[in-house]
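Student: everything below, folded, please.
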Amino acid sequence: MLFPAEHYAMKDFKHSVINALAVSGGAKIVSQLLTVVFTIWLARLLTPTDFGIIAMIAVFTGMAHLMADVGLGSALIQNRNTTEAHFSTVFWFNSFLGAIMTVTFIALAPYIATFYNTPIIEPILGLLAFQFLINAFALVPQQRLIKNLHFGKIAIANITAMVISNSLGVYMALQGYGVWALVWKALAHASLITLVIYTLAGWWPKLIFSIRALTELFMFSIYVLGTELLQYLTKNLDGLIVGRILGPEPAGLLDRAKSLKTLPLANISHVLGSVMFPALSLLKDDIPRVKAVYLRSTGAIAFITFPMMLGLLAVADNFVIGLLGVQWSKMITPFQILCLAGIASTIVTVTGSVYKSQGASKLQFHTSLITKPITIILVVIGVNWGLHGVVVALTTATWINSFIQIKRAGSLINLTVYQLVQPLVPTLIISITMGIAVYLIGISITNYSEVTTLLIQVSAGAVLYALLACIVKPSASLDIIHLIKERFMSTSSSNH
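Tutor: Predicted coordinates for the structure are as follows:
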């Protein structure tokens, strides 16, 4: 079983985690399908330049969102002794920071527009700045739901907000609003998710503000914030450099390539990551069990995402031209290169949960001080060869940094790099075999449209991967089968 139990308490833990995974997993599958549909729809209606403008702004606003949290959200989950004073204090403190960020970015909007030499950024950023205040209100009730593994309610909020906001974006794009369709989509999403989270959480802040509670949480959160800021800066530095040096269109191509590559990771890998942090926090003193859960979680993630990454690499040309349109054809090669980075990203998805669950946010921060400069240096070098140089630099840095992250996080739970990677080899082999076959099918079919060829490739790849998995039987496939059985048994027992 994915989460073995040796006594009654562990059975309760196991069923809680399995249920959380099942709910999150199901919701993410639905979310991923809807996201793909809306992403493709909007990409066909808008241009790379439209997406590039939003991506250029997001470099600054995304970093500010992290600063508005100050890592307190993670601290609320990690701390086992949280009281109403902690929750209400974080709410009021975070709301204050959100208001400060909103005012700050309205004031900075003209200067950021000048930095990019793109005047339209000023009014857009002035409007998007209100996201800081809106998102600040949702932090605490959302973290309360996560802490109690109520992922079903979070899933409802995410899907509701995504469907309505994306529908608004598509409608505005059809009406010819261009980049403003993406602006109002973002504002609608932030507003809706906050509204639904409050409705479902059933929590309202009290007039409590405790300096002691805030200080206690800061002891953990300050390193989380430092790590996340470093991660964000290095993750988005490429967008800043490309937008500043190469312009909005290459920035849009890079943003969409990264987003499409990230879909399997964000909607599958991060499901497990979001559940693993609160789950592993409950097991933090049982190192062998944490190690076992981490190993099997990583194996399960790889079993699903390895074939996705290599499959996307194989069908990239038909996927981009057939679904997004010929205006995105320059994205094909960068997208393929980033798919190789996606394989490494898969392996380290749950690493952050290990750091945080063991209370080792300081070690995670220090590790980031090692890994992130590597990315920065390589991207600065790579931009000299244009967009292709940037994505090659990103992929190289991802593989180097993944090795370092695995080694450092593994030291907390007595896990070596070899122990983590060795069980993933069978999954990688059958994924590569499938990817080669799918690519050969694509170049051998010349009488069909890109969309038809893509459907044939995807269908053949899914069948071939399933057959290879049945023959090779990687351990992760057996774990997933056991997980499904446990979920079914848990549901059956609860119904009776």
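
Student: give me the element residue 208 is part of.
Tutor: Using DSSP states H and E, residue 208 sits within no helix or strand.

Student: isn't it up against residue 88?
Tutor: Yes. The pair formed by residue 208 and residue 88 meets the contact definition of CB atoms under 8 Å, at 4.1 Å. From N, CA and C alone the C-beta is placed, and that goes for glycine too.

Student: higher neighbour count, these two?
Tutor: Neighbour comparison, residue 208 and residue 88: the larger count goes to residue 88, with 20 against 15 (by other CB atoms under 10 Å).

Student: so which elements touch the host helix or strand of that one?
Tutor: Secondary structure assigned from DSSP H and E places residue 88 in helix 84-116. Helices and strands touching helix 84-116, as assessed by 3 or more CB pairs under 8 Å, 6 or more residues apart in numbering; DSSP states H and E, comprise helix 48-69, helix 72-78, helix 121-128, helix 130-147, helix 211-241.

Student: what touches both of residue 208 and residue 88?
Tutor: A shared contact of residue 208 and residue 88, defined by CB atoms under 8 Å, 6 or more residues apart in numbering, is any residue touching both; here there are none.

Student: pull out the buried residues from stretch 117-132.
Tutor: Buried residues in stretch 117-132, counted by 16 or more other CB atoms under 10 Å: 118, 121-122, 124-126, 128-132.

Student: next secondary structure after the lowest-mean-pLDDT helix or strand in the chain?
Tutor: Within the chain, confidence by mean pLDDT, DSSP states H and E is lowest for helix 270-282 among all helices and strands, at a mean of 54. Sequence-wise, the next helix or strand downstream of helix 270-282 (DSSP H and E) is helix 287-319.

Student: which of the buried residues of stretch 117-132 lies closest to residue 462?
Tutor: Of all these, the one with the least separation from residue 462 (CB to CB) is residue 131, at 37.8 Å.

Student: circling back to that earlier point, ok and the helix holding residue 88 relative to helix 130-147, angle-wise?
Tutor: Using axes from the mean of the first three to the mean of the last three CA atoms, to 10 degrees, the direction of helix 84-116 lies 140 degrees away from that of helix 130-147.

Student: going forward can the numbers begin at 278, since that is how I track them
Tutor: Sure, I'll start numbering at 278, so the last one becomes helix 361-393.

Student: what about the residue lying farthest from the centre of the chain, distance to residue 733?
Tutor: Most distant residue from the mean C-alpha position of the chain: residue 724, 37.5 Å away (CA atoms, centre = their mean). Counting by CB to CB, to the nearest Å, the separation of residue 724 from residue 733 is 11 Å.

Student: again with residue 462
Tutor: Taking CB to CB, one finds residue 462 at 33 Å from residue 733.

Student: who's more crowded, those two?
Tutor: Here residue 462 and residue 733 are set side by side on neighbour count (other CB under 10 Å), and the busier one is residue 462, at 24 against 17.

Student: isn't the more buried one right next to residue 445, touching?
Tutor: Yes. Judged on CB under 8 Å, residue 462 makes contact with residue 445 at a distance of 5.9 Å.

Student: Three-state assignment for the residue farthest from the centre of the chain, please.
Tutor: Using DSSP: H, G, I helix; E, B strand; the rest coil as the criterion, the local structure at residue 724 reads coil.

Student: can you get me a residue count around residue 453?
Tutor: When counting by other CB under 10 Å, one arrives at 9 neighbours for residue 453.

Student: repeat that for residue 603.
Tutor: 10.

Student: how near is it to residue 451?
Tutor: Counting by CB to CB, the gap from residue 603 to residue 451 is 20 Å.

Student: buried residues in the helix or strand hosting residue 654?
Tutor: Take DSSP H and E as the rule and residue 654 turns out to sit in helix 638-659. Residues of helix 638-659 classed as buried: 638-642, 644-645, 648-649, 651-653, 655-656, 659 (neighbour count, 16+ other CB under 10 Å).

Student: and for stretch 316-326?
Tutor: When burial is assessed from 16+ other CB under 10 Å, stretch 316-326 yields the following buried residues: 316-320, 322-326.

Student: quick one: low-confidence ranges for the stretch 328-477 of the chain?
Tutor: Per-residue confidence for the stretch 328-477 of the chain (pLDDT under 70) gives these ranges: 341-357, 424-428.

Student: switch the cut-off to 90
Tutor: Flagging of the stretch 328-477 of the chain using pLDDT under 90 yields the residue ranges 332, 335-375, 377-378, 408-436, 470-471, 473-477.

Student: now do the stretch 478-627 of the chain
Tutor: Within the stretch 478-627 of the chain, the set of residues satisfying pLDDT under 90 comprises 478-518, 523-524, 532, 535-582, 600, 602, 619, 621-627.

Student: before I go, just wanted to say thanks for your time.
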